[in-house]
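**Q** Got a predicted structure plus its sequence, pasted below:
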Amino acid sequence: MCSDFYSLKLSLFVRNIIDLVKDLFFIFSLKCIAILLTPKVFFNPLSMDQSRYHPRNKLLEFFEEEGSYTTVRPSECLLNIGEKCDKVFLILSGGFVCQNYNPMVDRLRTINFHLELFHPIMTVIQSFFSDSISNCQLKAVMRSDVLVLQKGVILNALKEDDSLHKAYVEETIYALLAINEFHTKLITLTTKDMYHYLLKECPEIVRQIPAKYIAEFMGVTPEWLSRIR
């Protein structure tokens, strides 16, 4: 039992390192794009306030003007495994989990949370940027209201509006940095310390996300999680 637990932790560590490298590649690519297209207004993402949750006003305005409103029922998926992700979503209320499918063990695993006040801009990064089939699903865990933006609408607007392009690149890099930081905590902290980190730094996750998804994210059983709560 103990060896299985540590094997699971090692497998999670390796997978998250691979995901981290992929995301850092996207960060590097986006920085190169920003330098080429907007050199005079390029920013240092490391100087950003990592505690803020909401996207910049320019992006909010763009979502409100060009996005379509939709309501999602609990357990309904905005994106299913095997589909291409060609949309970006802004959560107005409610919450979602991003679940990765591992065909080797035929199992879904929660790899991120999205709430109005935690990572509210949502997409499947790998599928969206590489135009590939998604191995993740975006599943509502409660009744949720979202704004939906099509990828084509975003790309066309970025060609015409330099200030929107700057805000988009900045928000994308911020989101990748925030996700990487979150996953780094999962890799480096003990399970107990990770849960205490969620309680202190991300209480909205503990309050709003069902415990079974938090346990799934941490790589433990719901019963094990209940003993440390």
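**A** Thanks, I have the structure now.
**Q** Does the strand or helix carrying residue 214 pack against any helices or strands, and if so which?
**A** Using DSSP states H and E, residue 214 maps to helix 211-218. Packing partners of helix 211-218 (3 or more C-beta pairs under 8 Å, 6 or more residues apart in numbering; DSSP states H and E): strand 95-102, strand 107-115, helix 191-201, helix 222-228. Where C-beta positions appear, they are placed from N, C-alpha and C, glycine not excepted.
**Q** Show me where the protein dips below the pLDDT cut-off.
**A** 1-56 (pLDDT under 70).
**Q** In it, mark out all the strands, start to finish.
**A** For the chain, the strands defined by DSSP state E occupy 68-72, 77-79, 87-93, 95-102, 107-115, 121-122, 136-140, 144-150.
**Q** list the buried ones in stretch 215-222?
**A** 215, 216, 217, 218, 219, 220 (16 or more other C-beta atoms under 10 Å).
**Q** Can you say which of the strands of the chain is nearest to residue 187?
**A** Smallest distance to residue 187 across those (C-beta to C-beta): 12.2 Å, for strand 107-115.
**Q** ok, back up a step: hmm, who's touching the helix holding residue 214?
**A** The contact list for helix 211-218 (C-beta atoms under 8 Å, 6 or more residues apart in numbering) reads 97, 99, 108-113, 141, 186, 191, 194-195, 198, 205-206, 221-222, 224-226, 229.
**Q** Please apply the same query to stretch 188-202.
**A** Outside stretch 188-202, the residues that reach it (C-beta under 8 Å, 6+ apart) are 118, 185-186, 205-206, 214, 218-220, 224-225, 228-229.
**Q** So for that stretch, what gets flagged as buried?
**A** Buried, per 16+ other C-beta under 10 Å, within stretch 188-202: 191, 194, 195, 198, 202.
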